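Asks: take this sequence and fold it.
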Amino acid sequence: MENILLIINIILAAILVVLVLFQKSEGGALGIGVSQDNFMLSRSAGNFLTKATAIIATLFIICSLYLTILSRGELTPTTSVLDKIEETDDAPKVPDSNN
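Replies: Residues are numbered from 1 along each chain as shown. From the prediction side, this is the model:
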């Protein structure tokens, strides 16, 4: 089950990267979005890409959280450092005053 979720998580991450790269850049720097010639088409494509990115990102986060929950079950329970200190009684004692 964990391997299947890990593969799904990797696929979702790759899809998310591709969707982000296809979106139109606001600053005009590195976006691979459509040109300004098709302004009406680019607006509807932008809406689709924005919604698809949000859906894939949500699925990626849910899958990542579920993988974390599954992996936590395999950890061994540990004790606190304070519990270990209380168990050992090697601390030096305060001497009684002789006055």
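Asks: which is the next helix or strand following the host helix or strand of residue 19?
Replies: Using DSSP states H and E, residue 19 falls within helix 2-22. Next in sequence after helix 2-22, counting helices and strands by DSSP H and E, comes helix 39-72.
Asks: and residue 73, backbone torsions?
Replies: phi -70, psi -20 (degrees, to the nearest 10).
Asks: what's the local residue count around it?
Replies: By other Cβ atoms under 10 Å, the residues close to residue 73 number 7. In this view, the C-beta of every residue, glycine as well, is placed from N, C-alpha and C.
Asks: now do the contacts for it.
Replies: If you count contacts by Cβ atoms under 8 Å, 6 or more residues apart in numbering, residue 73 has none.
Asks: what's the pLDDT at residue 91?
Replies: pLDDT, residue 91: 63.
Asks: please name the nearest non-neighbouring residue to residue 67.
Replies: residue 5 (5.3 Å; Cβ to Cβ, 6 or more residues apart in numbering).
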